[in-house]
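Visitor: Mind folding the following:
(chains A and B)
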Amino acid sequence: MKIFLFLLISASAWAQIERPFMGVMLDENGHARPVIGAAAAAALGDPLFDAAVISLACSEKMCLAKTETAVVSSAGETADAPPGAALMVFSGDAAYVYFVETRKFAIWFAGRLYLFDFEPGGDLLSIRANGFDYAIARDDGIWVGNQNLGPANAIFLLDGGGALLAVDGQVRLLRPDGTEVDFAVSGAGGFVRMSDRHVEVITDSGMWALDVEPGREQIFLLPGGSR
Amino acid sequence: MLCLLALAPALLEAQIVLYSLDGITPSPLGAVYGYGQVAAGDTKIVRFRALNSGTASITITLLKVVNNTGAGFSIVNTSSTPFVVAPGNAMDFFAGFSATAVTSYSATLQVGTLSQTVSAILLATVVPAPTLSVAAPCTGPDANAAISFGRIPQGTQESCTLSIMNPFPQALTVSPLTISGAAFSTTLGSAVTIAAGESASFTILFAPANATAHSGTLTVGPRTYTLSGTGFSSPLPALIWSFDTTAIASGEQHTLSLQLSAPAPVSAAGSLTLTFTPSTAVVTDDTAVQFVATSKRVASFAVKAGTTAITINAQTNVVFSTGTTAGTLTFAVDPGIFGLSGSPSTTLTARPGPIAISSSGATSRANALDVVVSGFDNTYSIGALSFAFVDRSGGPITSLSADFTANFKAFYQVQTAGSSFLMRVSFPVTGDASQVGGVNVTLTNAAGVVTTPRLNFP
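Guide: Numbers count the residues shown, from 1 in each chain, chains lettered A, B, ... in the order given. Okay, here's the model as predicted:
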């Protein structure tokens, strides 16, 4: 009762209602397309970029895409870049970008790329901005720091720790506490960061979205024209 | 004067060349064209062509037939004159013949311009013709002289009895009697003589070797009839619909696979269609109900002869979304010409359910508390909400009700892809908002009530 002497919550609340936005997927034609609606019943919006892109990563605020010759942002910024695919991960308003073919490392900030020397000691497969972890491929498996996760077709380091591994017809969600959740997805060959909560799983037969939020893990097929 | 001299060479080169056409193939027309024997009372129409073989346009001003013997020939269904024909172009026209008196007929066909007229003699002979009748299961002959054998399974045969009647008071020899078409056969000879007022019967066998449309011709004296029939394969055995589950709900993806209850008699293909009927009147469709990988509601299917497994879009199964609207999903197979035993369709129902919450959260500002809830309401009846605020120690502060029915109604009016929503609710606060520790949101729709877990304010 005491609290009401100092606090009044107005009953005249107001509501804003819109379609839920789940993230941005890379479709089979190389277009970055917003995914809107409910899980397992999503719809696709128009492509964010005019041109097809090679690599894509999105946060809640923005998307970065790698075309053959540039890194472009959903805000309309463009910076010339080395050819080929790129690994991209956000860190606040900046992003780490690793150019796979040329093995160049850069930081994207305010529409510009700042190149740095970086020797990961193997083929770099994924980057995590938080603490700057990275996964590299070696002959005996995929290593993250001093931990060998074993062989896998692809790996994606999750923001809050943990990782996704594509192994043996499954996508394995490894949590920092050592628990894991397996999803039966055959042919997984890559991952795209759709948003803070969803990761796209790229397979030969279709594109899937994996909800990685603890307690709400689920995977569903994304709309498309892949079959 | 100069103009006339300039035009003179072109005028001299302009000339009309006549052709007759059998179908689309033109043949140069000689001095005489024979219509042949025409059955009494029948009409035979021949297509002719007047080609401008010169290098300048001509204007056809004369087009007529002058009957010399009897009155059987006439120009029919033809453009009127004058008719301008560019160099290398042509004017097509039709000349018909019909008469009832059994005798010979002749006429002169004339086609001309102001400076040139070409002509040809047309000849025809009217002969007595027998009457042809067809017994069931065949039908015809109709106004187009077509006789149909209908549809029968491939590899089987069907015979029809036909009768030729001589309606005349003297014996009639009907010749030629011929049949064409690989699927049609008869024991009929090449000619038959029928006594006055009598009939002669014969059979035609239709034996389609494959599943397709077949055609042929039957010539009975001066008349020619079209024979047609269709062979079809035995219908595909009944479908076995296999879903990963038939207990579906909104906001889900499921798989469908199909097989036949027995091996397919032939290799077949067709389409699989998904349709959706909402159980609410608020919307007429939910476009998220679809085959997911293609974002379409139609898929192709195929089955190989001797097998039962059906591929859908070349895969062993197809994934579909139930959308976020309560209603009935209908799956229907269209086997096309192959036919299908049993029902071609089946249905699944996504029943109305309480609001499904996919995410929720709470944040606070200096003078406001914000609550965000995302989910879907497959009944489209969401509106009544209540918010139970608690303090930092979990003790109740207050419970507020709000009715956003009008907001959701306006929102859903423009939605076609389901009932998913993201709702941001703001509560103005007077005082220290940081004292509020959390909130439980209760959402009500026509199917029930659901409450979020405790949403803690940071």
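
Visitor: Which pLDDT value belongs to residue 205?
Guide: Because you didn't say which chain, this covers chain A. We have a pLDDT of 77 for residue A:205.

Visitor: think we crossed wires, I meant chain B
Guide: Value for residue B:205, per-residue pLDDT: 96.

Visitor: Kindly provide the distance from it to residue B:188.
Guide: 11 Å (Cβ to Cβ, to the nearest Å). For the C-beta atoms, the positions are set from N, CA and C on the backbone; glycine is no exception.

Visitor: out of the two, which sits in the busier spot?
Guide: residue B:188 (19 against 15; other Cβ atoms under 10 Å in any protein chain shown).

Visitor: Not counting sequence-adjacent ones, nearest residue to that one?
Guide: Leaving aside its sequence neighbours, residue B:188 sits nearest to residue B:202 (Cβ to Cβ, 6 or more residues apart in numbering or on different chains; 4.3 Å).

Visitor: which parts of the helix or strand hosting the one you found are buried?
Guide: Using DSSP states H and E, residue B:202 sits within strand B:199-206. Within strand B:199-206, the residues scored as buried using 16 or more other Cβ atoms under 10 Å in any protein chain shown are B:199-200, B:202, B:204, B:206.

Visitor: Check for me that residue B:409 belongs to a helix.
Guide: Yes: counting by DSSP: H, G, I helix; E, B strand; the rest coil, residue B:409 is part of a helix.

Visitor: ok, residue A:152 to residue B:233 distance?
Guide: Distance from residue A:152 to residue B:233, by Cβ to Cβ: 49 Å.

Visitor: Close to chain A: what parts of the stretch 151-300 of chain B are there?
Guide: B:250-253, B:286-290, B:292-295 (Cβ under 8 Å from any Cβ of the partner chain).

Visitor: on that earlier part again, tell me the first helix or strand C-terminal of the strand holding residue B:202.
Guide: strand B:213-220.

Visitor: re the thing from before, surely the residue nearest to residue B:188 meets residue B:187?
Guide: Yes: under the criterion of Cβ atoms under 8 Å, residue B:202 makes contact with residue B:187 at 6.8 Å.

Visitor: Sheet partners, orientation included, of the helix or strand hosting residue B:438?
Guide: Following DSSP H and E, one finds residue B:438 within strand B:436-445. As defined by DSSP bridges, the strand partners of strand B:436-445 come to strand B:384-391 (antiparallel), strand B:448-451 (antiparallel), strand B:455-456 (antiparallel).

Visitor: Find the one among those strands with the highest mean neighbour count.
Guide: strand B:384-391 (a mean of 19; mean count of other Cβ atoms under 10 Å in any protein chain shown).

Visitor: Which positions in the very next helix or strand once past that strand come out as buried?
Guide: For strand B:384-391, the succeeding helix or strand toward the C-terminus, using DSSP H and E, is strand B:396-403. Across strand B:396-403, burial judged by 16+ other Cβ under 10 Å covers B:397, B:400, B:402.

Visitor: who does the residue nearest to the first one when sequence neighbours are not counted bridge with?
Guide: On the basis of Cβ to Cβ, 6+ apart, the spatially nearest residue to residue B:397 that is not a chain neighbour turns out to be residue B:389, at 4.3 Å. Here residue B:389 shows beta-bridge partners residue B:398, residue B:439, assigned using DSSP bridges.

Visitor: which ones are touching residue B:389?
Guide: A:9, B:369, B:396-400, B:436, B:438-439 (Cβ atoms under 8 Å, 6 or more residues apart in numbering or on different chains).

Visitor: Export those residues as JSON lines, with columns for distance to residue A:63 and pLDDT.
Guide: Converted to JSON lines, these look like this (distance: Cβ to Cβ, whole Å; pLDDT from 0 to 100):
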{"residue": "A:9", "distance to residue A:63": "37", "pLDDT": "67"}
{"residue": "B:369", "distance to residue A:63": "31", "pLDDT": "92"}
{"residue": "B:396", "distance to residue A:63": "43", "pLDDT": "93"}
{"residue": "B:397", "distance to residue A:63": "40", "pLDDT": "90"}
{"residue": "B:398", "distance to residue A:63": "41", "pLDDT": "90"}
{"residue": "B:399", "distance to residue A:63": "41", "pLDDT": "91"}
{"residue": "B:400", "distance to residue A:63": "38", "pLDDT": "92"}
{"residue": "B:436", "distance to residue A:63": "35", "pLDDT": "91"}
{"residue": "B:438", "distance to residue A:63": "33", "pLDDT": "95"}
{"residue": "B:439", "distance to residue A:63": "32", "pLDDT": "96"}
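
Visitor: Pull the most distant pair out of those residues.
Guide: Greatest spatial distance in these: B:369 and B:396, 15.1 Å, computed using Cβ to Cβ.

Visitor: Done for today, thanks.
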